[in-house]
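K.L.:
Give me a model of this one.
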Amino acid sequence: MAKVRYPKPHLSYTQQRQKLADQGMVLDLPAEQVEHYLAHLNYYRLSGYWYEYRLHNASPLRFQPNTRFSEIIQLYQFDKALRILLLDAIEQIEVSIRTKLAYHLGERYGAHALLNATLFNKQGTYHTTLAKLETEVGRSREEFILHLTGKYQEALPPIWAAVEVMSMGQLSSWYKNLKVRQDALAISANYELDSKVLSSFLHHLTILRNHCAHHARVWNKQFTFTLQIPSHKPLPVIEAFQTECMAQRKIYNTLVMMAWMLNIIQPEHDWLHRLKRLLAKYPDINLAQMGFPADWQDYAIWQS
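P.N.:
Coordinates of the predicted model:
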């Protein structure tokens, strides 16, 4: 198909507001407040939240009856708060996995296990991941890294220090590429997970973390990479997971795994309660659009 020139002109904030009104959105906030949101949140960004409220067969474009601008803003604010919760959970999980990876490999293979190529499966992946970690170490200004690289001759600091400058993507890659299955199992056993399930989850978290870090929409997001569904353990996760094809692409299953991991990593955590409070604060949010089943609160994972 031949490409054509983009035909739409620049619109002022007033024109953007008028366009929404012309398409049938109920602007239930003062005009200056609507324009303030458009001026700071970007019309195109907000369109990701009102897309579900459009009459998709209508020409010209129209919104469903009684679609309110304040409702769109609430949805945006909910999504922002959810991303903050997700990043908090990812941080705790990432730090825990770093610790377990460093402890196991350091105990079994020594301080510089990451320099031993025979411990890893795909050599192309190994050398690429190693080069990335060496770059991170080289650019780090952390005092402990500068001390270790300045004093010792190895290409990397000891593994228990090197993991502290690993990105989430690197951590996922190191774990996935472990050659000896018993090494991967020794780490995943800390979370009562199969190693393939943990590897799948870490890859998913890498994608999700990048998504959240760039402030992208999570509500109603369909992820291209889905989590591997556990087959025999842990039972609370298996019971709560949603296996229908479309539901697997939504954020709910991710939240289930996060709840499980955090219950192990930090038994006294309040993350689960903060998530519940967030959902209660926005009762009009359609949880089904995030993959939640109607009886989600009945599952044991949410009652911990």
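K.L.:
Quick one: mean pLDDT for the host helix or strand of Gly48?
P.N.:
Assignment of secondary structure by DSSP states H and E places Gly48 within helix 43-50. This predicted structure assigns helix 43-50 an average pLDDT of 95.
K.L.:
who touches that helix?
P.N.:
11, 16, 25, 37-38, 63, 67, 72, 75-76, 79, 217, 219 (CB atoms under 8 Å, 6 or more residues apart in numbering). Heads up, the C-betas are built off the backbone N, CA and C, glycines and all.
K.L.:
Make sure Leu27 is actually in contact with Val34.
P.N.:
Yes - counting by CB atoms under 8 Å, Leu27 does reach Val34; the two are 5.4 Å apart.
K.L.:
Any buried residues in the helix holding Gly48, and which?
P.N.:
43, 46, 48-50 (16 or more other CB atoms under 10 Å).
K.L.:
quick revisit: what's the most distant pair in the contacts of helix 43-50?
P.N.:
Greatest spacing in the contacts of helix 43-50, by CB to CB: Leu11 and Trp219 (25.4 Å).
K.L.:
the more surrounded of those two?
P.N.:
Looking at Leu11 and Trp219 with other CB atoms under 10 Å, you find the greater number of neighbours at Trp219, namely 22 against 13.
K.L.:
Helix, strand or coil: sort out that one for me.
P.N.:
Using DSSP: H, G, I helix; E, B strand; the rest coil as the criterion, the local structure at Trp219 reads coil.
K.L.:
do you know how far it is from Glu94?
P.N.:
Plainly put, Trp219 is 23 Å away from Glu94 if you go by CB to CB, to the nearest Å.
K.L.:
Just give me the neighbour total for the spatially closest residue to Ile264 that is not a sequence neighbour.
P.N.:
Using CB to CB, 6 or more residues apart in numbering and skipping residues adjacent in sequence, the residue nearest Ile264 is Tyr191, 5.6 Å away. Residues contacting Tyr191 under the criterion other CB under 10 Å number 21.
K.L.:
Show the contacting residues for Tyr191.
P.N.:
Counting by CB under 8 Å, 6+ apart, Tyr191 touches 198, 260-261, 264.
K.L.:
what's the answer for His203, then?
P.N.:
With contact set as CB under 8 Å, 6+ apart, His203 has these partners: 172, 176, 225.
K.L.:
As a check, name the ranges of all helices in the stretch 51-200 of the chain.
P.N.:
With DSSP state H, counting those that start in this stretch as the criterion, the stretch 51-200 of the chain has helices at 69-109, 123-139, 143-151, 159-162, 168-176, 181-188, 195-213.
K.L.:
Flag every buried residue along the fourth one.
P.N.:
Within helix 159-162, the residues that qualify as buried are 159, 161-162, counting by 16+ other CB under 10 Å.
K.L.:
Tell me where the stretch 51-200 of the chain is predicted with low confidence.
P.N.:
Within the stretch 51-200 of the chain, no range satisfies pLDDT under 70.
K.L.:
residue closest to the middle of this protein?
P.N.:
Closest to where the C-alpha atoms of the chain average out (CA atoms, centre = their mean) is Leu208, at 2.4 Å.
K.L.:
Isn't that residue up against Ala89?
P.N.:
No - the criterion here is CB under 8 Å, and Leu208 misses it with Ala89 at 9.7 Å.
K.L.:
which residues touch the residue lying closest to Phe292 once chain neighbours are set aside?
P.N.:
The spatial neighbour of Phe292 that comes closest, neighbours along the chain excluded (CB to CB, 6+ apart), is Tyr252 at 5.0 Å. Tyr252 makes contact with 242, 290-293, 296, according to CB under 8 Å, 6+ apart.
K.L.:
any residues in contact with both of Leu27 and Val34?
P.N.:
Jointly contacting Leu27 and Val34 under the rule CB under 8 Å, 6+ apart are 17, 20, 69.
K.L.:
Just to check, the last one is in contact with Asp28?
P.N.:
It refers to Phe69. Yes - with the criterion set as CB under 8 Å, Phe69 and Asp28 qualify as a contacting pair; they are 6.0 Å apart.
K.L.:
Check the burial of His56 by counting its neighbours.
P.N.:
Other residues within reach of His56 by the criterion other CB under 10 Å amount to 10.
K.L.:
hmm, which of the contacts of helix 43-50 are the buried ones?
P.N.:
Among the contacts of helix 43-50, those that count as buried by neighbour count (16+ other CB under 10 Å) are 16, 25, 37-38, 63, 67, 72, 75-76, 79, 217, 219.
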